[in-house]
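Undergrad: would you be able to build a 3D model of this:
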Amino acid sequence: MKNIKKALIATSMAGAVLVSAGYGTYSWFTSETQASGTIQDGTLSVNDGKAITTKLFDEKNLAPSEFVSGNFITLDNTGSLDQVLKLTYSASVDKAPATPFKIYYVALKYKSKPSGDVLKNWKQEWEKGFFKGNHNPAPSQARSLAAAPALPALPAGVEAVTGELSSADVQAVAAAASRNAAGDGSKQYTIGDNEFFTLKSDQFIDIAFDVKLDENAGNEYQAATYSAKLTAEAKQTDDGAKYASEIKK
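TA: You can find the predicted model right below:
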């Protein structure tokens, strides 16, 4: 009899445990939802970061009063972000100061790049106001410059700026570069202004430099070599953005 009672008690306790365990597996009504997102960074690039193969100019046998009509250098915003360009022009002469070399530039900005002939003709119209005193095209360019027809005013959507570079500023940049001095090397001559040199992702700038050897240049410039370099840097348009040359390494 005692064994039967013990068996009943054990059975009832096991049932209670099972019932208790069964109640524990029940769940409340629930629901959930999710949201996700991604961020794709933009790109900042001028000419895909590649070196420009077009030469600023390439002329021989220049004489006092003559000028070289430079080639157009294309600056293309190849990134997805708007950018601001800073252009630095530096020059040097191997035998004497660069002072007698007068430097003028014309820059054109647009969305649809015109043909080379159209650019050349536009440039010649702007060149008419560049030079003072006696000025003659370099012998190798005289025929092509004379043959170009005049064009009407620039079409809508095309912006242009022109100017003269200060020979003193150009020489200071060249001298600082040759000394490789940290303090002086930071001095740069900026061409144009931020408004014109701000490029949207679908815009180009073509810029060309004309160089004239002043008629007062003396014999020390015979067989001299004039060398020039143009550096274009791009930065974001956001407040506080810096050019690569301004960032301390």
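Undergrad: burial measure for the residue lying closest to residue 158 once chain neighbours are set aside, as a count.
TA: Counting by Cβ to Cβ, 6 or more residues apart in numbering, the nearest residue to residue 158 once its immediate chain neighbours are dropped is residue 110, at 4.7 Å. For every residue, glycine as well, the C-beta is placed using N, CA and C. Other residues within reach of residue 110, judged by other Cβ atoms under 10 Å, total 18.
Undergrad: so who does residue 110 touch?
TA: Counting by Cβ atoms under 8 Å, 6 or more residues apart in numbering, residue 110 touches 157, 158, 159, 203, 204.
Undergrad: please apply the same query to residue 214.
TA: Contacts of residue 214 by Cβ under 8 Å, 6+ apart are 64, 65, 100, 101, 102, 133.
Undergrad: show me where this protein has its helices.
TA: 2-24, 116-127, 142-147, 167-179 (DSSP state H).
Undergrad: which residues in the chain form strands?
TA: Taking DSSP state E as the test, the strands found in the chain are 66-69, 73-76, 83-93, 101-110, 136-137, 159-165, 198-199, 204-213, 226-236.
Undergrad: tell me the mean pLDDT for the fifth one?
TA: It refers to strand 136-137. Per-residue pLDDT values over strand 136-137 give a mean of 64.
Undergrad: again with the second one
TA: Looking at strand 73-76 alone, the average pLDDT works out to 95.
Undergrad: that strand pairs with which strands?
TA: strand 204-213 (antiparallel) (DSSP bridges).
Undergrad: then the partner strand to CSV, C-alphas only?
TA: The C-alpha trace of strand 204-213 is given here as CSV (Å, rounded to 0.1, in the frame of the first residue of the first chain):
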residue,chain,number,x,y,z
PHE,A,204,35.5,72.3,-67.7
ILE,A,205,38.0,75.1,-67.6
ASP,A,206,40.4,75.7,-70.5
ILE,A,207,43.3,78.1,-69.7
ALA,A,208,46.1,79.3,-71.9
PHE,A,209,49.1,81.5,-71.2
ASP,A,210,50.8,83.9,-73.6
VAL,A,211,54.4,84.9,-72.9
LYS,A,212,56.0,87.9,-74.4
LEU,A,213,59.7,88.8,-74.3
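Undergrad: flag the shaky bits of this structure, pLDDT-wise.
TA: Residues of the chain meeting the criterion pLDDT under 70: 1-25, 129, 131-154, 166-190, 192-193, 249.
Undergrad: hmm, try it at 80
TA: Within the chain, the stretches with pLDDT under 80 are 1-26, 115-117, 120-156, 165-194, 248-249.
Undergrad: give me the phi and psi for the closest residue to residue 217 other than its chain neighbours.
TA: Spatial nearest neighbour of residue 217, chain neighbours left out: residue 100 (4.0 Å); criterion: Cβ to Cβ, 6+ apart. Main-chain torsions, residue 100, degrees, to the nearest 10: phi -70, psi -10.
Undergrad: for residue 68, see how far away residue 100 is.
TA: Residue 100 sits 14 Å away from residue 68, taking Cβ to Cβ, to the nearest Å as the criterion.
Undergrad: shared neighbours, those two?
TA: Applying Cβ under 8 Å, 6+ apart, one finds that no residue jointly contacts residue 100 and residue 68.
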